[in-house]
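1. Structure, please.
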Amino acid sequence: MWGYLLSVSISMGITLFLVSNYVGAELTDLVTGVVGVVVSIIYLKTVSVAVNETYINDSDLVFETTQSDGKAFLPYILLLILLPAVRFSFPLNVLTKYGYATWIGAVIHIVVLISSVVMGCGNQFLLCEKNALLKLIKPMVTLCSLYAVANLMNASGMISLIARFLADIAGGLYPAVSVLIGAIGAFITGSCLGSNKLFCALHMEAASTLGINQYVAITASSAGGCLGNMICPNNIIAVNATLELENAEGDVLKRTIGAFAVMAVVYYILAMVYAYMLFPNFGV
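-> Next up is the predicted model:
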């Protein structure tokens with residue numbers, strides 16, 4: 001698997017850097033993900049990979065479709081075309097007036113409508129919208145609650161108190177500690193977004209108190225949040241449900257906790273190197 005992992009990680013890393021720096025933050029994850037899929041397909045088509053029986057899913061679930069591969073990728077292709085088109089057709093202050101989620105969400109809905117018509121299921125568009133809304137009600141309530149908690153903590157001064165406490169305890173090791181905080185936040189909330197919303201202001205204040213680059217502290221926490229997703233109970237349960245694995249949560253956690261520990265140590269070291277050696281004045 002090493003060749004596959006290297007090809008995908010290097011190609012996605014380069015794409016991540018180029019898009020985030022020269023195109024725009026709105027498209028970074030989308031374009032990087034599509035590149036990862038394309039590189040994966042090319043690699044698996046051109047290089048033979050040995051099959052490990054341990055990782056074969058024995059589920060009887062069978063997916064049947066009459067759609068072509070081109071139609072399957074149509075929504076992603078449309079997003080790659082329409083998002084940049086809208087982004088660079090209007091002044092940024094116009095788009096951000098109502099928030100990124102508003103205009104990006106509008107574009108996504110248009111893409112879904114077009115894709116449903118092309119795939120011959122346009123009459124089910126409203127039904128799909130209804131089903132999606134019903135499925136997302138609980139996550140939306142959770143996310144809104146997180147925003148409420150974060151706003152309450154900011155308004156009451158709790159963030160300032162916690163930031164000063166952590167700054168005093170961690171001292172110069174704070175960049176590494178921010179990775180751990182981000183991981184804990186994702187483990188608890190179930191997402192990197194939730195972790196960032198809870199702790200972004202905290203990291204800004206703590207880093208300012210210690211004279212550490214705020215950008216590094218925040219991004220270190222966000223990276224830690226990505227790691228926290230590896231061991232987050234919500235994600236493990238979702239994966240097991242998707243693969244129809246029964247009572248396998250413990251086994252999955254045992255497999256991921258080791259990788260989490262190794263990557264966490266790597267991220268601790270990188271956060272310190274970035275904060276004090278490579279990017280101490282980044283963005284300042």
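
2. can you tell me which residues contact Tyr174?
-> Each residue near Tyr174 by C-beta atoms under 8 Å, 6 or more residues apart in numbering is listed here: Leu166, Ala167, Ala206, Ala207, Leu210, Ile212, Ala217. (Glycine included, C-beta is placed from N, CA and C.)

3. now the helix or strand it falls within, how far from the chain's geometric center?
-> In this structure, Tyr174 sits in helix 174-189 according to DSSP states H and E. Relative to its parent chain, helix 174-189 has a centroid offset of 15 Å by C-alpha atoms, centre = their mean, to the nearest Å.

4. can you check stretch 87-96 too?
-> Averaging C-alpha positions (C-alpha atoms, centre = their mean) puts stretch 87-96 24 Å from its chain's average.

5. buried stuff in stretch 197-213?
-> Buried residues in stretch 197-213, defined by neighbour count with 16 or more other C-beta atoms under 10 Å: 197-207, 210, 212-213.

6. Widest-spaced pair of those?
-> Lys197 and Leu210 (22.1 Å; C-beta to C-beta).

7. just checking, Ile162 touches Leu202?
-> Yes: Ile162 is in contact with Leu202 according to C-beta atoms under 8 Å; the separation is 5.9 Å.

8. Name the residues contacting each of these two.
-> What both Ile162 and Leu202 touch, as defined by C-beta under 8 Å, 6+ apart, is an empty set.

9. Leaving out sequence neighbours, find the closest residue to Lys71.
-> Leaving aside its chain neighbours, Lys71 sits nearest to Met119 (5.6 Å; criterion: C-beta to C-beta, 6 or more residues apart in numbering).

10. cool, and Ser20?
-> Spatial nearest neighbour of Ser20, chain neighbours left out: Thr28 (4.6 Å); criterion: C-beta to C-beta, 6+ apart.

11. Could you pull up the residues touching the one you found?
-> Counting by C-beta under 8 Å, 6+ apart, Thr28 touches Leu16, Val19, Ser20.

12. Buried residues, the one helix or strand it maps to. List them.
-> Thr28 belongs to helix 28-46 when assigned by DSSP H and E. By neighbour count on 16+ other C-beta under 10 Å, the buried set for helix 28-46 is Thr28, Val31, Thr32, Val34, Val35, Gly36, Val39, Tyr43.

13. out of those residues, what pair is the most spread apart?
-> Largest separation among these by C-beta to C-beta: Thr28 and Tyr43, giving 22.1 Å.

14. All the helices of this protein, residue numbers only.
-> Using DSSP state H, the helices found in the chain span residues 2-22, 28-46, 69-87, 92-95, 100-118, 125-156, 158-170, 174-189, 192-210, 214-231, 233-242, 249-273.

15. a markdown table for those helices, including distance to Phe282 and mean pLDDT?
-> Converted to a markdown table, the helices of the chain look like this (distance: least, C-beta to C-beta, whole Å; pLDDT from 0 to 100):
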| stretch | distance to Phe282 | mean pLDDT |
| --- | --- | --- |
| helix 2-22 | 12 | 92 |
| helix 28-46 | 17 | 89 |
| helix 69-87 | 24 | 82 |
| helix 92-95 | 22 | 78 |
| helix 100-118 | 23 | 85 |
| helix 125-156 | 25 | 79 |
| helix 158-170 | 20 | 82 |
| helix 174-189 | 12 | 89 |
| helix 192-210 | 12 | 86 |
| helix 214-231 | 6 | 92 |
| helix 233-242 | 31 | 78 |
| helix 249-273 | 13 | 91 |
